[in-house]
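Student: predicted model, plus sequence, below.
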Amino acid sequence: QNGGAISYNSYPPVVSNNSFSKNSAVYGSEIASYAVVIKRKLNNTLSRLTSLENVPSGIVLDYSLHFALLDVEEDEIINNVNTGSFQLSTTGKGSGIKGQNSVAIKNGEGTITGIIFEAAPGKNDVMFK
């Protein structure tokens, strides 16, 4: 990967007690990086696991889901990514998503609004990905 003071292939190097001058990188602080983690962003806090509770089936969610791509160290939002999309999907039978279920990635982030989760009557703890 490229950017920053160090370039590498596959595995990030272990670096300690180094000082870099005139260093610049789009992301990844002083060492090159790439987008590898998707986290939910809520009130400027990033969380890997997202659990929504007491969501009624068939009703438009009254809030948005905001996601961000983070680098391999999970500390920098990859703000130069403007391709691809975040997409919600079901993990099994008896559930579905209507309304908006995907959004284009812009500056490493995206917000999905107008989501309608659906589940068969009597289903609890339905999983989506």
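Tutor: Perfect, I can see it now.

Student: for the residue positioned nearest the centre of the chain, give me its contacts.
Tutor: Note on the chain: the residue nearest the mean C-alpha position is Ile38, at 2.5 Å, using CA atoms, centre = their mean. Ile38 is in contact with Phe67, Ala68, Leu69, Leu70, Phe86, counting by CB atoms under 8 Å, 6 or more residues apart in numbering. For the C-beta atoms, the positions are set from N, CA and C on the backbone; glycine is no exception.

Student: sticking with it, tell me its helix or strand.
Tutor: Here Ile38 sits within strand 35-42, counting by DSSP states H and E.

Student: lowest average confidence, helix or strand, in this structure?
Tutor: Using mean pLDDT, DSSP states H and E, strand 35-42 stands out as the lowest-scoring helix or strand of the chain, at a mean of 82.

Student: parallel or antiparallel, list what pairs with that strand.
Tutor: strand 45-47 (antiparallel), strand 65-71 (antiparallel) (DSSP bridges).

Student: determine which stretch of those strands is the most buried.
Tutor: Mean neighbour count (mean count of other CB atoms under 10 Å) peaks for strand 65-71 among those, with a mean of 21.

Student: Asn54: neighbour count?
Tutor: 4 (other CB atoms under 10 Å).
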